[in-house]
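> got a predicted structure here, sequence first:
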Amino acid sequence: MTASSAWRPGPPPAPADTRHRPAGPAADEPFRVRSTVPADPSWAAAVRRLLSEQFARLPLSADQRDGAVLAADELFANAVKHARTGPDDTVTVTVEWSPHTLRVTVADSSPVLPRPRPAGADAESGRGLAIVAALADDWGMAPPEPGRHGKRVWFTLRRRGGTAP
């Protein structure tokens, strides 16, 4: 899904996903959903809604789904805050599910890699990557896709036994 270039200020509409998997397939079938939105904080709620809808279909515990939304939201916020260079910048969020692993990747156009940093008790920022590390089974950074510039930051969650959709 790609956000419209005719975006106007105000609450953004929910992103229209062009690669939704049909509702019928089993949750153990692999799928991939990609969404590109403006690198603007006003899109955070729409991204969270899209992710929540996708994660609700997966056989993950409610805690894992909530943690995945929070971790993805932190990566989106970091991309908007630290990588945005202009009004036309975008952020791409990709959700990939294999039978036992969820992978969320957030790509932006900045080549500057994020780095964890200590945050004081009264600091208003600086905890995003620590939150991602605490919620995810693994996380890291990757170069951009071929032909693109910037970077990708990702995390994975492994399906825990005994969970249901």
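All right, it came through fine. Numbers count the residues shown, from 1 in each chain.

> what helices or strands is the helix or strand bottoming out on mean pLDDT in the chain leaning on?
In the chain, the helix or strand scored least confidently by mean pLDDT, DSSP states H and E is helix 128-135, which has a mean of 90. On a contact count with 3 or more CB pairs under 8 Å, 6 or more residues apart in numbering; DSSP states H and E, helix 128-135 meets helix 62-78, strand 138-142, strand 151-158. For glycine as for every other residue, the C-beta is placed from the backbone atoms N, C-alpha and C.

> for the ones you listed, give me CSV that also has mean neighbour count and distance to residue 98.
Formatted as CSV, those follow (neighbours: other CB atoms under 10 Å; distance: least, CB to CB, whole Å):
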stretch, mean neighbour count, distance to residue 98
helix 62-78, 20, 14
strand 138-142, 12, 14
strand 151-158, 20, 10
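
> so residue 54 makes contact with residue 35?
No - between residue 54 and residue 35 no contact is recorded; they are 9.4 Å apart, counting by CB atoms under 8 Å.

> all the strands of the chain, residue numbers only.
31-38, 90-98, 101-108, 138-142, 151-158 (DSSP state E).

> what comes into contact with the last one?
Counting by CB atoms under 8 Å, 6 or more residues apart in numbering, the neighbours of strand 151-158 from elsewhere in the structure are 60, 64, 67-68, 71-72, 75, 78-79, 100-108, 110-114, 132, 135-145.

> could I get the helices and strands packed on helix 128-135 as TSV with distance to residue 49 and mean pLDDT?
Shown next, in TSV, are the helices and strands packed on helix 128-135 (distance: least, CB to CB, whole Å; pLDDT from 0 to 100):
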stretch	distance to residue 49	mean pLDDT
helix 62-78	9	95
strand 138-142	23	94
strand 151-158	19	95
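
> ok, which of those comes nearest residue 127?
With CB to CB as the measure, helix 62-78 is the member of the helices and strands packed on helix 128-135 nearest residue 127 (8.2 Å).

> quick one: low-confidence parts of the chain?
The model of the chain has pLDDT under 70 over residues 1-28, 119-126, 161-165.
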